[in-house]
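Asks: Model the structure of this input:
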Amino acid sequence: MKDPYAPGFWAAVTALGLLSTGYFYGVRQLYQLVEAMHFMYAAAAVIAALALTALAWSSWQQLKVRKRQLEQGRTLVAIWNTKVALRRVETVFDRYFWGSYWQPGRTFQEVMGELEGTPLEQSLEALKRQCQQLDQQTRGRHRYWLNNARELSSVATAMARERYQLDLCDSQQSAGRGSAVLNRDLEVLVYTWSARLRSFDHQLDELEGEYR
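Replies: Residues are numbered from 1 along each chain as shown. Purely as a prediction, here's the structure:
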């Protein structure tokens, strides 16, 4: 029942009917005034009991609705925070691989194809933490959202290593055939990254739609 006040309405109608019936019989049988008064008292007690029951039931329903709304709001906030963390990963990823990656001042880990200590790793770790919160909020089984974040992290790590191999081949002036193979591998990883990123974002949109 969508309207929590409907039981109270019907309880009031029932109480009015009982009161009217009691009054009718009390007036009709004036010579039995004592019995009519007893009946009226009993009807009043029933009416009071029904009213209290309806009030308690309505309060309980309102409490459930408020609790559900509060839980829904918390879930939406967790979804939005996850989206923000995902956008952060996407931005840092683009800067890391297609922007400042080739600029001087890179750390030893970056030169060796590792993400440790880099802004990209930090953004990915922040996404993982946010996904853990989202899994807890949605009571997801098997850490669904955390696994999505881990998959993105594994692809980014593979791309960093592939770029290191590409740098190494360029520095050694390797044959064009090997370089082409490496480039194809990198293209596959780029496509995989883009596909997982779009899928992640699309799934978050679907989840948000369920809680709106």
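
Asks: by contact count, what packs against the strand or helix carrying Gln61?
Replies: In the assignment (DSSP states H and E), Gln61 maps to helix 33-98. Identification of packing neighbours for helix 33-98 by 3 or more Cβ pairs under 8 Å, 6 or more residues apart in numbering; DSSP states H and E yields helix 6-28, helix 119-138, helix 144-172, helix 176-211. Heads up, the C-betas are built off the backbone N, CA and C, glycines and all.

Asks: Look through every helix and strand of this protein and give the one with the lowest mean pLDDT.
Replies: helix 108-111 (a mean of 55; mean pLDDT, DSSP states H and E).

Asks: sorry, back to before: tell me what angle the helix holding Gln61 forms with helix 176-211.
Replies: Counting by axes from the mean of the first three to the mean of the last three Cα atoms, to 10 degrees, helix 33-98 points 160 degrees away from the direction of helix 176-211.

Asks: Would you mind checking the average pLDDT for helix 33-98?
Replies: For helix 33-98, mean pLDDT rounds to 82.

Asks: Where among the helices and strands packed on helix 33-98 is average confidence lowest?
Replies: helix 6-28 (a mean of 63).

Asks: returning to what we had before: quick one: the helix holding Gln61 to helix 119-138, angle?
Replies: 160 degrees.

Asks: Buried ones in stretch 116-129, by neighbour count?
Replies: Thr118, Leu120, Glu121, Ser123, Leu124, Ala126, Leu127, Lys128 (16 or more other Cβ atoms under 10 Å).

Asks: what does stretch 125-143 give?
Replies: Ala126, Leu127, Lys128, Gln130, Cys131, Gln133, Leu134, Asp135, Gln137, Thr138.

Asks: hang on, isn't Leu134 packed against Trp80?
Replies: No. Look at Leu134 against Trp80 with Cβ atoms under 8 Å: they stay out of range, at 10.2 Å.

Asks: how does this protein divide into domains?
Replies: 6-65, 68-211 (automatic domain parsing).

Asks: ok, the nearest residue to Glu90 once chain neighbours are set aside - contacts?
Replies: In this structure, Glu90 finds its nearest non-sequential neighbour in Leu197, 6.2 Å apart by Cβ to Cβ, 6 or more residues apart in numbering. Applying Cβ atoms under 8 Å, 6 or more residues apart in numbering to Leu197 gives the contacts Leu86, Glu90, Leu152.

Asks: Nothing else from me, thank you.
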